[in-house]
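Chemist: Return a 3D structure for these sequence lines:
(one chain, ligands or ions: 1)
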Amino acid sequence: MINKIIKNVLVPFSDFIYGFADMSGLLGDEFKVFPYGISIGKRLDDAIVIAVESGPTPEYYALYRSINEELKDLTEQICVELRKKQIRCLNIIPTVSTEILESADYIKTLRYKVSHKMVATRAGLGWIGKTDLFISAEFGPRIRLASILMDHPVESKRKPVNKSKCGTCDICIIKCPAQAANGMLWNIHTDRDQFFDAHKCRDQCDKFGRERLNRDVRICGICVSVCPFGKRNK
Ligand code: B12
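Modeler: Reported below is the predicted structural model:
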């Protein structure tokens, strides 16, 4: 029933991936009533991503904005249908609100209370790469993610992914203009801050936003563009 609802909304289906996650015990107390999750990824346009190899372009920024809006609408549509079936759910939008972006806690930690990547690894869709990107089996990191939390369990065909499959590949580390990663391979016991300096990354995104796009936005995308898993699945 839930699969049918999701497939009816995600059109064309070949542009999306989705999976079901058991999030019990992984989120804060405020989410206790929603222990299960749906992870949804929309693929990014290859031509636009390829052009980001040396930094963000206006086309990439436009894509980022339009996919955020699209995913927000699609996940809301799914939530409406789930609620009709008496399933309680919460739509976690792709990015964070301006209010959160400006909060002291976010500026200090660069962490949000629901990590889309965590929902995605629990759903068995992929793993975390060396520059802390989520790498999907289908499209590599060339996706944008959204999540739905709910109170209804759904059996998953995929097993949660607990460690990185990047092996010896270091291309995202070499190409990162912020030199934000140290090369450590991720597993579920590795905290982001052990292998990735999010503040260095944010400062570079901020610089790119001002210099390349003339805007107060934080955007980069080089690690997304250079990952061989994204290229392989083109
Ligand atoms: C804060 C934030 C940033 C910050 C910090 C980035 C960071 N890596 O933490 C800054 C401003 C630097 C940033 C930059 C960018 N961001 Co950003 N950002 C976010 C945001 C809003 C929250 C991320 C967060 O809370 N991080 C905190 C850490 C702790 O969590 P995490 O990074 O998500 O990953 C950890 C957990 O998932 C954990 N984990 C995974 N599975 C499991 C399972 C278990 C059991 C456990 C215990 C842990 C665990 O492993 C990871 C490492 O510890 C998310 C949206 C969201 N709500 O998730 C987007 C998001 C991460 N950003 C995204 C993107 C694309 C970018 C940029 C490329 C910008 C751009 N659009 O050009 C850059 C590059 C970032 C990079 N290489 O990581 C995408 C990533 C897509 C992908 N394929 O991975 C997201 C998911 C937005 C989206 N809707 O798709 N971002």
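Chemist: CA atoms for contacts and neighbours, from now on please.
Modeler: Will do.
Chemist: Go ahead and flag the most central residue of the protein.
Modeler: residue 145 (4.0 Å; Cα atoms, centre = their mean).
Chemist: so who does that one touch?
Modeler: With contacts defined as Cα atoms under 8 Å, 6 or more residues apart in numbering, the neighbours of residue 145 are 39, 40, 41, 42, 71, 94, 116, 117.
Chemist: Contacting the ligand as well, which ones from these?
Modeler: With respect to the ligand, and counting by Cα under 6 Å from any ligand atom, the subset of these in contact is 94, 116, 117.
Chemist: Most neighbours among those residues, please name it.
Modeler: Comparing those on neighbour count, residue 116 comes out first with 25 neighbours (neighbours: other Cα atoms under 10 Å).
Chemist: so it makes contact with residue 41?
Modeler: No: Residue 116 lies out of contact with residue 41 (Cα atoms under 8 Å); the separation is 9.5 Å.
Chemist: where do the contact lists of the two overlap?
Modeler: Residues within reach of residue 116 and of residue 41 at once, by Cα under 8 Å, 6+ apart, are 145, 146.
Chemist: so after the strand or helix carrying the residue nearest to the centre of the chain, what's the next helix or strand?
Modeler: When secondary structure is defined using DSSP states H and E, the element that contains residue 145 is strand 143-150. Where DSSP H and E defines the elements, the next helix or strand beyond strand 143-150 is helix 171-175.
Chemist: what's the longest helix anywhere in the chain packed up against?
Modeler: Secondary structure assigned by DSSP state H gives helix 58-84 as the longest helix of the chain. Helices and strands touching helix 58-84, by 3 or more Cα pairs under 8 Å, 6 or more residues apart in numbering; DSSP states H and E, are helix 2-9, helix 46-50, strand 89-92, strand 143-150.
Chemist: if we look at the helix or strand just after the third one, which residues are touching it?
Modeler: Once the chain leaves strand 89-92, the next helix or strand it forms, by DSSP H and E, is helix 98-101. By Cα under 8 Å, 6+ apart, the residues outside helix 98-101 that reach it are 106, 107.
Chemist: mind starting the numbering at 228 from now?
Modeler: Let's use 228 as the start, then, which means that last one is helix 325-328.
Chemist: quick revisit: would you tell me which one of the helices and strands packed on helix 285-311 is buried the most?
Modeler: Using mean count of other Cα atoms under 10 Å, the stretch among these with the greatest mean number of neighbours is strand 370-377 (a mean of 24).
Chemist: strands paired with that one, and their directions?
Modeler: With DSSP bridges as the criterion, the sheet partners recorded for strand 370-377 are strand 263-270 (antiparallel), strand 316-319 (antiparallel).
Chemist: now the angle from it to helix 285-311?
Modeler: The directions of strand 370-377 and helix 285-311 differ by 20 degrees, with axes from the mean of the first three to the mean of the last three Cα atoms, to 10 degrees as the criterion.
Chemist: Now do strand 370-377: distance to the chain's middle.
Modeler: 8 Å (Cα atoms, centre = their mean, to the nearest Å).
Chemist: then that strand to PDB, C-alphas only?
Modeler: Taking C-alpha atoms only, strand 370-377 is exported to PDB below (Å, rounded to 0.1, in the frame of the first residue of the first chain):
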ATOM      1  CA  ILE A 370      21.100  13.100  -5.800                       C
ATOM      2  CA  ARG A 371      19.200  15.400  -3.500                       C
ATOM      3  CA  LEU A 372      17.600  13.800  -0.400                       C
ATOM      4  CA  ALA A 373      14.400  14.200   1.600                       C
ATOM      5  CA  SER A 374      12.800  12.100   4.300                       C
ATOM      6  CA  ILE A 375       9.500  11.300   5.900                       C
ATOM      7  CA  LEU A 376       9.300  10.100   9.400                       C
ATOM      8  CA  MET A 377       6.200   8.000  10.400                       C
END
